[in-house]
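K.L.:
coords please:
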Amino acid sequence: MSISSSIIDPPVGSAPSSGGLYTPEQRQRRDASRWTLVQGILAPLQFVVMLGSAALIFYSLRTGAAVFWADASVVLKTFLLLTIMVTGSLWEYDVFGKYLFAHAFFWEDVVSMGVIVLHLAYMAALVGGLGTTEQRLVLALVAYAAYGVNAVQFLMKLRRARLDARRAEAA
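P.N.:
Residues are numbered from 1 along each chain as shown. The predicted model follows:
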């Protein structure tokens with residue numbers, strides 16, 4: 001097995017045979033992990049910060065004012081993103097035994113990597129003085145759009161987990 005296939009192809013037996021998101025053991029580990037609660041707090045917090053930040057960015061783009069606050073809000077959003085990524089990796093390890101790219105969350109993790117790259121590109125532009133203010137703020141909006149796609153992925157996964165749990169209870 002090559003290194004790339006071990007990253008891309010989930011190990012045999014890592015996916016539930018029932019077609020559900022979690023095996024019963026993974027569900028128990030998920031419920032027991034302290035990172036489940038942390039993720040449950042950080043995810044909505046990050047979303048709220050993103051909404052406020054996007055409003056500041058649009059205001060700054062329209063008026064040229066409050067650029068400092070728009071930048072500060074993106075820095076806060078980036079900090080929360082990186083925090084949720086680290087704690088999410090710890091959660092994924094607790095539940096699936098892999099820090100990233102576990103079978104059940106493979107594509108969410110792939111998109112998360114793109115979201116992180118876009119946020120870090122913004123930070124590089126801010127710190128390095130690269131591009132114009134408008135270009136930098138538009139880059140932040142692009143990063144937020146990618147984050148929105150990622151958030152929808154996770155919401156769909158959460159919904160699937162809840163449906164799986166109902167099916168398991170009914171069985």
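K.L.:
Next, the contact list for Ser112, please.
P.N.:
85, 88, 150 (CB atoms under 8 Å, 6 or more residues apart in numbering). No exception for glycine: its C-beta is placed from N, CA and C like everyone else's.
K.L.:
Narrow these to those in strands?
P.N.:
Taking DSSP state E, every one of those sits outside strands.
K.L.:
quick check, nearest of these to Val110?
P.N.:
Within the contacts of Ser112, proximity to Val110 (CB to CB) peaks at Asn150, which comes in at 9.6 Å.
K.L.:
give me every residue that touches the closest residue to that closest one other than its chain neighbours.
P.N.:
Closest residue to Asn150 apart from its sequence neighbours, by CB to CB, 6 or more residues apart in numbering: Val111 at 4.7 Å. Residues near Val111 by CB under 8 Å, 6+ apart: 146, 149-150, 153.
K.L.:
Could you report the pLDDT at Val111?
P.N.:
Note on Val111: pLDDT of 96.
K.L.:
returning to that earlier point: and the contacts of Ser112, which is closest to Arg27?
P.N.:
Nearest to Arg27 among these: Gly88, at 17.3 Å, using CB to CB.
K.L.:
For Ala43, what is the enclosing helix or strand?
P.N.:
Of the helices and strands defined by DSSP states H and E, Ala43 is found in helix 34-63.
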